[in-house]
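Chemist: please find the sequence and the predicted model below.
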Amino acid sequence: MKVAAALLLCAMCFLGLDAQCPEPSSLKDFEGTKLCARLFSDSNIYYDQSCGGEYLDIYPNDDVPTIEWRWSNRASSLVVSRLCNLTVWSRSKKNGNKRKFSAGIQYRLKDVQRGLFGNWDNSISAYYCVC
């Protein structure tokens, strides 16, 4: 009985260790089409719990000067596909601060500085993605 309880406890400890963020090399939409990037509404101080909540898929060569109102200033984490670059702006029509993200995972946009005093958490209002 003690062994079974110990095994159950160990299994529960490892449940949360898988990162929610997809790997940049395997970033695809639900139909299997390669994505340029994916924005997520949630992030977390624990990286393995980032890339949660709702998400917005960005396809190669998407050029969006004014992001849809549901997603304007809402992204908290992101993943950029291998061999791709995502350029974002803090204001619509590609105004304000600008930042380029290369292939990889940004677990917390709160950790990415924007200007002197800000960060990129909930600050993306326009984007352009190329692969």
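Modeler: Alright, I've got the coordinates.

Chemist: how about the strands in the protein?
Modeler: Taking DSSP state E as the test, the strands found in the chain are 37-42, 52-58, 63-64, 77-91, 95-106, 113-114, 118-119, 126-130.

Chemist: what's the closest of the ones you listed to Glu31?
Modeler: Comparing the strands of the chain by their distance to Glu31 (CB to CB), the top pick is strand 52-58, with 10.2 Å. In this view, the C-beta of every residue, glycine as well, is placed from N, C-alpha and C.

Chemist: okay, buried residues for that closest one please.
Modeler: For strand 52-58, burial by neighbour count (16 or more other CB atoms under 10 Å) applies to 55-56, 58.

Chemist: same question, stretch 85-97
Modeler: 85-86, 88-91, 94.

Chemist: ok, and what's touching it?
Modeler: For stretch 85-97, contacts defined as CB atoms under 8 Å, 6 or more residues apart in numbering pick out 36-37, 58, 65-67, 72, 78, 80, 98-103, 114-115, 118, 120, 123-131.

Chemist: and it, how far out from the chain's middle?
Modeler: Offset of stretch 85-97 from its chain centre (CA atoms, centre = their mean, to the nearest Å): 16 Å.

Chemist: endpoint to endpoint, it covers what distance?
Modeler: With CA to CA, to the nearest Å as the measure, stretch 85-97 spans 17 Å from end to end.

Chemist: among the contacts of stretch 85-97, which ones are buried?
Modeler: With burial judged by 16+ other CB under 10 Å, the buried subset of these is 36-37, 58, 67, 72, 78, 80, 99, 101, 103, 114, 120, 123-129, 131.

Chemist: state the mean pLDDT of stretch 20-31.
Modeler: Mean pLDDT, stretch 20-31: 95.

Chemist: and it, how far from the chain's centre?
Modeler: Distance of stretch 20-31 from the chain centroid (CA atoms, centre = their mean) equals 11 Å.

Chemist: that one: which residues count as buried?
Modeler: By neighbour count on 16+ other CB under 10 Å, the buried set for stretch 20-31 is 20-22, 24, 27.
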